[in-house]
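Novice: what follows is a protein structure lacking sequence information:
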């Protein structure tokens, strides 16, 4: 193609212009750094001042009125007794109100209109009709909240107290196992889990007087890797995903050894893939989506190495560390507000998303198939897509008829699963809807 | 050493070090952005302003972007495209409707083009092309970027970009 006449039209910008612009950009960078420093200083100062004010207020409130009037400081013993009363004995004699806590495994109450009831079956009859509580992983809680929102707004249901907890913690709370749930945990009437209850847990339930537990299959939590639709849907295998994102992978030269993940381009992971740089944008590791990713796609890829799969039995802690640890060397980066723009700009970039999040933007995103299976409602319900896991609700059946609104809630929940596959944040288990209907109030059999 | 000749070496350098040298990037990309706007606007007017605006946008948010030269080019040119589009849109919006009455045909495009510089001649010829094709010419010959990157920036397939450019260049050459 003779296009020399077009190439000749190019011209170099003037040196003066380039130098002036560069100086302006350098000044801009310096100014921004100064602004950032000033902001941080101001923020730290504000925190110090605010913290002091809060401390002063708390100290003032913690002082008995008589003592305040007498303008004397309470003794340390008085303060300790007073604090204890505040924590352990709310007015009305209910259970301690679970306080919202950050990371670290502690439960966080999301909605706690009236105080959560003490879920001790023996004391239930002494109390006025109380609300019930639902505890479980974020996905289950968000799902239950979305199902309950409309009937609560319409006055058909009373809002339960929702508490975010891990599956193990939630089941322990249901079964009144304080040791596992932590000393200050409240009990719960309904526990959510991203796995089925273990026979040992059911046995623990029965031994602690929670004799009748019902299992409801509440849907599938599903994650996908997606990129901009401009570049088409990637075709990956679970092994590719594990090798691309695990912190440690088997050494190609000595496959029985683990090495720090050396892969930075897809073709190094699998020669049939493109030579694009691996870049995955996703939510923080503590999020429900990231946790689901580690326990579905990553773990499925990890298990394609037989000796790593065998670790689950021989060394469960190592298995979890190897199969569920995402690399932190910059290949996995936290997504920010301009995710879609970033994906459009960078053909190599993919985003880790909840299935429904990706499905809501069919014109912008193309989700990767994994091992030849596209993520869609059919493949998820058929349990063929590797990035999906079933979620369950376990209901303390004895509480169904003693706690106000609990039976209504469970009925509503079951009806929602039967009637809809799209209103909830989980993919509803269509295939099992009939089974759920027939077994809604039968004791779980493991 | 021209920019084009330096590019592959720099690309390798950045890929290997995985650390962006912003000064080198600026030296490498500024002439390309500058020429992209020259081709896009068909004149030297406003080109410096738009080049500066593009880099200011990019420098403000550079910490958010990945350290990869190819990715950086894509990102930078997508900013330039937006800056150019905004500029052209604003320019059109500010043109009073009465101005359309003053547009008169002064001979054929060829006769008119003879009175202008080569760049203006190109602008005149490109004026007859659809917007998308003008953009492709600016990216290919102004910014000197390959068809693959153009495909990413425009949403067209790589082969489609090649086909369209081939046809456009033939048309332009015939009328040059």
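Specialist: Yes, it's here. Since we're looking at a predicted model, the values are computed, not measured.
Novice: helix/strand/coil for residue A:398?
Specialist: Classification of residue A:398 using DSSP: H, G, I helix; E, B strand; the rest coil returns helix.
Novice: right, and it touches residue A:206 too?
Specialist: No. Applying Cβ atoms under 8 Å, one finds residue A:398 not in contact with residue A:206, separated by 11.7 Å. Every C-beta, even on glycine, is put in place using the N, C-alpha and C of the backbone.
Novice: pull out the buried residues from the longest helix anywhere in chain B.
Specialist: Looking across chain B with DSSP state H, the single longest helix is helix B:69-94. Buried residues in helix B:69-94, counted by 16 or more other Cβ atoms under 10 Å in any protein chain shown: B:69-81, B:83-84, B:87.
Novice: what segments of chain B are helices?
Specialist: B:3-17, B:22-41, B:47-60, B:69-94, B:109-114, B:118-126, B:131-137, B:147-154, B:158-175.
Novice: now the ones you listed in a markdown table, with distance to residue A:228?
Specialist: Output for the helices of chain B, formatted as a markdown table (distance: least, Cβ to Cβ, whole Å):
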| stretch | distance to residue A:228 |
| --- | --- |
| helix B:3-17 | 23 |
| helix B:22-41 | 22 |
| helix B:47-60 | 20 |
| helix B:69-94 | 12 |
| helix B:109-114 | 39 |
| helix B:118-126 | 29 |
| helix B:131-137 | 19 |
| helix B:147-154 | 9 |
| helix B:158-175 | 16 |
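Novice: as JSON lines, the ones you listed with distance to chain A and mean pLDDT would be great.
Specialist: Formatted as JSON lines, these follow (distance: least, Cβ to the nearest Cβ, whole Å; pLDDT from 0 to 100):
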{"stretch": "helix B:3-17", "distance to chain A": "9", "mean pLDDT": "39"}
{"stretch": "helix B:22-41", "distance to chain A": "4", "mean pLDDT": "87"}
{"stretch": "helix B:47-60", "distance to chain A": "5", "mean pLDDT": "87"}
{"stretch": "helix B:69-94", "distance to chain A": "5", "mean pLDDT": "74"}
{"stretch": "helix B:109-114", "distance to chain A": "13", "mean pLDDT": "50"}
{"stretch": "helix B:118-126", "distance to chain A": "6", "mean pLDDT": "80"}
{"stretch": "helix B:131-137", "distance to chain A": "7", "mean pLDDT": "88"}
{"stretch": "helix B:147-154", "distance to chain A": "5", "mean pLDDT": "86"}
{"stretch": "helix B:158-175", "distance to chain A": "5", "mean pLDDT": "88"}
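Novice: check which helix or strand the nearest residue to residue A:311 once chain neighbours are set aside maps to.
Specialist: Excluding the flanking residues, the one nearest residue A:311 by Cβ to Cβ, 6 or more residues apart in numbering or on different chains is residue A:319, at 3.8 Å. Take DSSP states H and E as the rule and residue A:319 turns out to sit in helix A:316-323.
Novice: which residues touch that helix?
Specialist: Outside helix A:316-323, the residues that touch it by Cβ atoms under 8 Å, 6 or more residues apart in numbering or on different chains are A:242, A:246, A:248, A:258, A:294, A:298-299, A:302-303, A:308, A:311-312.
Novice: one more: stretch A:346-353?
Specialist: Applying Cβ under 8 Å, 6+ apart, the contact partners of stretch A:346-353 are A:223-228, A:230-231, A:234, A:266, A:274, A:276-283, A:289-290, A:293, A:332, A:335, A:339, A:342-343, A:358, A:365, A:367-368, B:66, B:71, B:74-75, B:152.
Novice: let's see that with 6 Å instead.
Specialist: Stretch A:346-353 is contacted from outside by A:224-227, A:231, A:276-277, A:279-282, A:293, A:339, A:342-343, B:71, B:152, using Cβ atoms under 6 Å, 6 or more residues apart in numbering or on different chains.
Novice: got it, and stretch A:131-140?
Specialist: A:114, A:116, A:144, A:158, A:160-165, A:167, A:170, A:173, A:188-192, A:194, A:221, A:288, A:391, A:403, A:406.
Novice: same deal with stretch A:360-378?
Specialist: For stretch A:360-378, the surrounding residues in contact (Cβ under 6 Å, 6+ apart) are A:224-226, A:229, A:232-238, A:340, A:355, A:358, A:379, A:384-386.
Novice: and the residues you listed, which of them are in helices?
Specialist: Per DSSP H, the contacts of stretch A:360-378 map to helices at A:238, A:340, A:355, A:358, A:379.
Novice: just give the nearest non-adjacent residue to the residue of the stretch 101-250 of chain A found nearest chain B, would you?
Specialist: Proximity to chain B, evaluated over the stretch 101-250 of chain A using Cβ to the nearest Cβ, is greatest for residue A:230 at 5.2 Å. Leaving aside its sequence neighbours, residue A:230 sits nearest to residue B:155 (Cβ to Cβ, 6+ apart; 5.2 Å).
Novice: can you give me the helices in the stretch 101-250 of chain A?
Specialist: For the stretch 101-250 of chain A, applying DSSP state H, counting those that start in this stretch gives helices covering A:121-124, A:138-153, A:167-174, A:178-181, A:199-207, A:238-245.
Novice: for the stretch 251-400 of chain A, which segments count as helices?
Specialist: Under the criterion DSSP H, counting those that start in this stretch, the stretch 251-400 of chain A contains helices at A:266-269, A:288-293, A:299-302, A:306-314, A:316-323, A:339-345, A:355-359, A:377-381, A:397-400.
Novice: got the buried residues for the fourth one?
Specialist: Within helix A:306-314, the residues that qualify as buried are A:308, A:311, counting by 16+ other Cβ under 10 Å.
Novice: and it, what does it pack against?
Specialist: Of the remaining helices and strands, those touching helix A:306-314 by 3 or more Cβ pairs under 6 Å, 6 or more residues apart in numbering or on different chains; DSSP states H and E are helix A:316-323.
Novice: the last one too?
Specialist: The contact analysis (3+ Cβ pairs under 6 Å, 6+ apart) places helix A:397-400 against helix A:406-419.
Novice: buried residues, the helix it packs on. List them.
Specialist: By 16+ other Cβ under 10 Å, the buried positions in helix A:406-419 come out as A:406-407, A:409-410, A:412-414, A:416-417.
Novice: skipping adjacent residues, who's closest to residue A:396 in space?
Specialist: residue A:189 (5.1 Å).
Novice: what's the answer for residue A:259, then?
Specialist: With Cβ to Cβ, 6+ apart, the residue lying closest to residue A:259 is residue A:251, at 4.4 Å.
Novice: my read is that the one you found contacts residue A:257, right?
Specialist: Yes. With contact defined as Cβ atoms under 6 Å, residue A:251 reaches residue A:257; the gap is 4.5 Å.
Novice: the more surrounded of these two?
Specialist: Legend: neighbour count by other Cβ atoms under 10 Å in any protein chain shown for residue A:251 and residue A:257, higher for residue A:251 (13 against 9).
Novice: quick check, residue A:24 in a strand?
Specialist: No. In this structure, residue A:24 is helix, not part of a strand, as judged by three-state DSSP.
Novice: relative to residue A:17, how far out is it?
Specialist: Going from residue A:24 to residue A:17 by Cβ to Cβ, to the nearest Å gives 11 Å.
Novice: can you check residue A:364 too?
Specialist: Between residue A:364 and residue A:17 the computed distance is 38 Å (Cβ to Cβ).
Novice: where in chain A is pLDDT low?
Specialist: A:1, A:29, A:31-41, A:44, A:55-130, A:178-185, A:418-446 (pLDDT under 70).
Novice: burial of the residue lying closest to residue A:285 once chain neighbours are set aside, as a residue count?
Specialist: Spatial nearest neighbour of residue A:285, chain neighbours left out: residue A:326 (6.4 Å); criterion: Cβ to Cβ, 6+ apart. Residue A:326 has 18 neighbours, counted by other Cβ under 10 Å.
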